[in-house]
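>>> could you look at this predicted model? Sequence included:
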Amino acid sequence: MIYPKEFGINPLYPQAVDFERIYKDTLSGSGIITKRYFAQGDLMAMVAGEEVSEILQHTLQIAPDRHLYDPYFSGYFLHSCSPNISLDMARRTVTALCDIEPGSFLYMDYAETEDVLFKQFPCSCGSSSCRLWITGRKEGDSVAHAVAQGDSTGLVATVSRLTGES
Ligand SMILES: [Zn+2]
């Protein structure tokens, strides 16, 4: 069991035999890996947690004013601009977007579920479609705009402002 037993028994909840939280690197922190193979389109797991009204580091948005606090599983999914999993927060399901080999980290696109992020961050996912600066889907994309304009001065100023560095 990955979830505490108070969450109840659901055969679709993630099992420790199938998933594990492991440390990736200083930039990303910890993530979730799969220990088994999933094929594209597979329903991988159902997520659970406490419903809270504020955005926390390990919440995923259910509705504009409701968030699922899951510090056991989904709260540790890493971000990629080319994700290998998709979350449906209405159904609380995790689906494989492609074939996923054992040992792979699970990557979602945070903008799939979040209007506003707990914290915006620079992305180094390496995808050819990387957005470089990750925001919620309703937040301004000022850095991407600066990059698109080739405005390095504006980029530095925007990153400094967003990260609170001077
Ligand atoms: Zn990226």
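That came in fine, so what should we check first? Residues are numbered from 1 along each chain as shown.
>>> make sure residue 129 is actually in contact with residue 80.
No. Counting by CB atoms under 8 Å, residue 129 sits too far from residue 80 to count as a contact (9.9 Å). All C-beta spots, glycine's among them, are computed from the backbone N, C-alpha and C.
>>> more neighbours, these two?
residue 80 (21 against 8; other CB atoms under 10 Å).
>>> can you give me every residue that contacts the more buried one?
By CB atoms under 8 Å, 6 or more residues apart in numbering, the contact list for residue 80 reads 107-109, 123, 125, 127.
>>> where's residue 102, which helix or strand?
Using DSSP states H and E, residue 102 falls within no helix or strand.
>>> going forward can the numbers begin at 650, since that is how I track them
In the new numbering, first residue 650, that becomes residue 751.
>>> so how far is the ion from it?
Residue 751 sits 24 Å away from the ion, going by CB to the ion, to the nearest Å.
>>> hang on, the earlier thing: out of the contacts of residue 729, which end up buried?
Among the contacts of residue 729, those classed as buried by 16 or more other CB atoms under 10 Å are 756-758, 772, 774.
>>> nearest to residue 724, of those residues?
The shortest approach to residue 724 among these belongs to residue 757, at 11.0 Å (CB to CB).
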